[in-house]
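**Student:** the following comprises the amino acid sequence and a computationally predicted model.
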Amino acid sequence: MASKIFINLPVRDLQRSIAFFTQLGFSFNPQFTDDKAACMVIADGSIYSMLITEEFFKTFTKKELADARKNTEVLIALDAESRQDVDDMIRKALAAGGSVYMESQDHGWMYGHSFADPDGHQWEVLYMDETALPQ
């Protein structure tokens, strides 16, 4: 079984993307970061997102790149430790230049909210209280 996941996302302006996600509290592994790509650490040791310039990204695929501002290519969901952490992440995303693409949803046992990064990639932030799961 796999022990790590790398989410590869094409970006128009790598430095803008690095600045955006840094403002959200993410760090980058300098060992795998250069002028073509940046390795964003989502969960230390296991989950990463490679933010790759569009031109370099095109060398990895034969398909056309999706314009995430117009089309949904993926929904990336991250867990949070509390409802407040969900709201804090959305607040940071908006302050850093992101946008809300769906309003918050409260299902009692699960609370989530969503933002789009400057390239239009959709990120969902969720808090789940497993002790309150419906039976």
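**Tutor:** Structure's in. What do you need?
**Student:** pretty sure residue 6 sits in a strand.
**Tutor:** Yes - counting by DSSP: H, G, I helix; E, B strand; the rest coil, residue 6 is part of a strand.
**Student:** tell me what the closest residue to it other than its chain neighbours is bridged to.
**Tutor:** Closest residue to residue 6 apart from its sequence neighbours, by CB to CB, 6 or more residues apart in numbering: residue 48 at 5.0 Å. C-beta: built from backbone N, CA, C; applies to glycine. Judged by DSSP bridges, the bridge partners of residue 48 are residue 6, residue 41.
**Student:** so what's residue 48 up against?
**Tutor:** Counting by CB atoms under 8 Å, 6 or more residues apart in numbering, residue 48 makes contact with 4, 5, 6, 7, 29, 39, 40, 41, 42.
**Student:** who are the contact partners of the third one?
**Tutor:** By CB under 8 Å, 6+ apart, the residues touching residue 6 are 48, 49, 50.
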